[in-house]
Each structure stands twice: as C-alpha cells, then as structure tokens.
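Trainee: quick one: sequence and predicted model below, then my questions.
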Amino acid sequence: GIVVAKLRPAAAPAAAPAAAPAAAGAGAEAGAGAGEGKGQHGSVRRAAVSMFASRVLICAVGNVALIAWRLSRNGTVPPDFSCEQNPAACSPSRLVRFLTYS
C-alpha cells in the first residue's frame with residue numbers, strides 16, 4: 001500500500017516570563033525554539049527521501065522490464081511497417097507527415 005507521512009507541527013517554545021528583560025527573553029526563546037523538534041523533522045525527511053528512492057527504483061525496474069520485453073520481441077531491429085499499415089509515413093509531403101504525427 002501507499003504510506004503517507006503526516007507532518008506534525010513542532011512544539012511551540014515556552015513564553016518568556018514578563019519580569020525578564022526583553023533582550024534576555026528573546027535570546028531564551030530563540031535558543032529553546034531552535035533545539036526543539038529536530039528529531040521529528042529529520043525522521044519525516046528520511047521517510048520522504050526513502051519514499052522518493054523507492055519510487056525511482058520502481059520506475060527504473062519498470063523501464064528495464066519494458067526494454068527487455070521490446071528487445072525480446074523485435075531484437076535490435078526497429079519495427080518494419082508497410083505503407084498499408086501506416087499510409088501517412090509513406091506520404092512524399094513533409095507537411096502531411098508532420099500534421100499526422102503532431
């Protein structure tokens with residue numbers, strides 16, 4: 001199944017006491033807020049990177065499987081279509097070919 005990681009907001013830093021000077025309160029808040037929640041964000045980031053890597057791996061394996069199947073069917077020779085199967089490709093006009101495939 002598909003796993004969806006939910007982001008949890010970091011805990012709010014404690015408010016500085018009203019009697020403390022403004023400069024000391026600001027420094028205490030910044031120090032308390034910077035250290036909190038690092039473990040939560042790191043684990044969410046690791047989960048996201050792991051999920052991305054697994055999706056890339058699945059796409060790569062799928063592409064290799066499609067290439068192997070195509071080579072097993074035709075080998076290294078491109079498909080050979082006759083004009084009855086693909087009349088636009090046999091048209092002498094470049095405009096007709098361009099408009100057909102665009």
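Mentor: Perfect, thanks for sending it.
Trainee: so after the worst-scoring helix or strand of the chain on mean pLDDT, what's the next helix or strand?
Mentor: Lowest on mean pLDDT, DSSP states H and E among the helices and strands of the chain sits helix 22-35, with a mean of 49. Per DSSP states H and E, the first helix or strand lying C-terminal to helix 22-35 is helix 38-74.
Trainee: avg pLDDT for that next one?
Mentor: Regarding helix 38-74, the rounded mean pLDDT is 91.
Trainee: which other helices and strands does that helix contact?
Mentor: The contact analysis (3 or more Cβ pairs under 8 Å, 6 or more residues apart in numbering; DSSP states H and E) places helix 38-74 against no helix or strand. In short, each C-beta sits where N, CA and C put it, glycine included.
Trainee: what comes into contact with stretch 92-100?
Mentor: By Cβ atoms under 8 Å, 6 or more residues apart in numbering, the residues outside stretch 92-100 that reach it are 88-89, 91.
Trainee: right, I mislabeled it, should have said stretch 58-72
Mentor: Contacts of stretch 58-72 (Cβ under 8 Å, 6+ apart): none.
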